[in-house]
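*Asks:* Provide a 3D model corresponding to the input given below.
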Amino acid sequence: MADSTVLIGRNPLMEAIQQGRDIEKIFVLDSMRGELEKEVRKISKERNIPLSRVPNEKLSSLCGSRNHQGVVAFISPVIFQDLEEVLALQFDQGKNPAIAVLEAVSDVRNMAAICRSALVFGMDAVVITSKRHAALNADTVKISAGAILNIPICREKNMQAVIEKCKLFGLKIYATDLQGASDISDVGLDEPCAIVMGSEDTGVSFETLKMADTRIKIPQVSEFDSLNVSVAAGIMFYEVMRKRTINP
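*Replies:* Residues are numbered from 1 along each chain as shown. Below you'll find the model as predicted:
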């Protein structure tokens, strides 16, 4: 039986988009040129869908067939929400939003664990960008114990777009960083805010750090190494919850 989450060829992709289905990722043949390539690239850009150019062998392995017409895509189990709409709803309901922003977190298990912690500790949304993020597929849902389906997931074009939208709504941007950062116990975290967690290998990028309002860190007794990003995220989200519980 064919996998219903796999879209092979142009027509199934277009039909899924017309039906309002959320697309996790699109793969196109690296040698593809012409109108189809332009059409797919336009869709990817307009809808913030990750797009990868891959060789023929990769496309064939993704769909189990060589008759792929140069396009393979995957339907996402996650329904992506608009960040501005999520924030507007929070304020309309008189809430004090706190969201998690993930910059290039690429490991599926980390992504799942972060979403689970975000839900457990009361974060209002998880935001990713259209490039360099872990897959949001059935495995991610399973590893997160279904948490990823129970918290708003927003996918934006890039970090600049994320931060601009957050600041438009008055959110304070806290970026995690080990160098020259404030201890999490010394910052408020009780105002509308976004907590930015960086990639597993390099952390939050220099460009994003420059756009942030405050850099924060988790104090460590040992200088052995930094915490795994999902562990660090759990501690950060707990601290947000704790401070808001003490000072609601």
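
*Asks:* Identify each buried residue in stretch 71-80, please.
*Replies:* Burial within stretch 71-80, assessed by neighbour count using 16 or more other C-beta atoms under 10 Å, is assigned to Val71, Val72, Ala73, Phe74, Ile75, Ser76, Pro77, Val78, Phe80. Just so you know, the C-beta spots here come from the backbone N, C-alpha and C atoms, and that holds for glycine as well.

*Asks:* per-domain residue ranges of the protein.
*Replies:* When the chain is parsed with automatic domain parsing, its domains come out as 6-75, 80-246.

*Asks:* Tell me which of the ones you listed is the most buried.
*Replies:* domain 80-246 (a mean of 18; mean count of other C-beta atoms under 10 Å).

*Asks:* what's the spacing between the closest residue in space to Thr208 that isn't next to it in sequence and Thr202?
*Replies:* Distances taken as C-beta to C-beta, 6 or more residues apart in numbering place Met159 nearest to Thr208, at 4.9 Å, with adjacent residues excluded. Between Met159 and Thr202 the computed distance is 13 Å (C-beta to C-beta, to the nearest Å).

*Asks:* Quick check: Lys165 is in a helix.
*Replies:* Yes. Checked against DSSP: H, G, I helix; E, B strand; the rest coil, Lys165 lies within a helix.

*Asks:* Mind listing residues that contact whichever helix or strand Arg41 is part of?
*Replies:* The secondary structure element spanning Arg41 is helix 35-47 (assigned by DSSP states H and E). Judged by C-beta atoms under 8 Å, 6 or more residues apart in numbering, the contacts made with helix 35-47 from elsewhere in the structure are Arg10, Leu13, Ile17, Ile23, Ile26, Val28, Ile49, Pro50, Leu51, Gly70, Val71, Ser130.

*Asks:* and the residue nearest to Lys25 when sequence neighbours are not counted, what does it touch?
*Replies:* Nearest-residue entry for Lys25: Pro50, 4.6 Å, with adjacent residues in sequence omitted and distances by C-beta to C-beta, 6+ apart. If a contact means C-beta under 8 Å, 6+ apart, then Pro50 has Glu24, Lys25, Ile26, Ser44, Ser130, Lys131, His133 as its contacts.

*Asks:* Also Asp177?
*Replies:* When contacts are counted by C-beta under 8 Å, 6+ apart, Asp177 touches Gly203, Val204, Leu209, Arg215, Ile216, Lys217.

*Asks:* Val204 now?
*Replies:* Residues touching Val204, when contacts are defined by C-beta under 8 Å, 6+ apart, comprise Glu103, Ala175, Thr176, Asp177, Val196, Met197, Gly198, Ala212.

*Asks:* Show me which of those residues is closest to Thr140.
*Replies:* Compare each of the contacts of Val204 with Thr140 using C-beta to C-beta and the shortest gap goes to Met197, at 16.1 Å.

*Asks:* End to end on stretch 15-23, go ahead and measure it.
*Replies:* 12 Å (C-alpha to C-alpha, to the nearest Å).

*Asks:* pretty sure Ile151 contacts Val126?
*Replies:* Yes. Between Ile151 and Val126 a contact is recorded at 6.0 Å, counting by C-beta atoms under 8 Å.

*Asks:* if I look at those two, which residues touch both of them?
*Replies:* Each of Cys115, Ala118 lies in contact with both Ile151 and Val126 under the rule C-beta under 8 Å, 6+ apart.

*Asks:* I'd like to know which elements the longest helix seen in the chain is packed against.
*Replies:* In the chain, ranked by residue count with DSSP state H as the criterion, the top helix is helix 229-246. Using 3 or more C-beta pairs under 8 Å, 6 or more residues apart in numbering; DSSP states H and E as the contact criterion, the neighbours of helix 229-246 among helices and strands are strand 98-102, helix 108-120, strand 193-197.

*Asks:* May I see those arranged in CSV, with mean pLDDT as well?
*Replies:* Supplementary listing: these in CSV, determined by pLDDT from 0 to 100:
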stretch, mean pLDDT
strand 98-102, 98
helix 108-120, 97
strand 193-197, 98
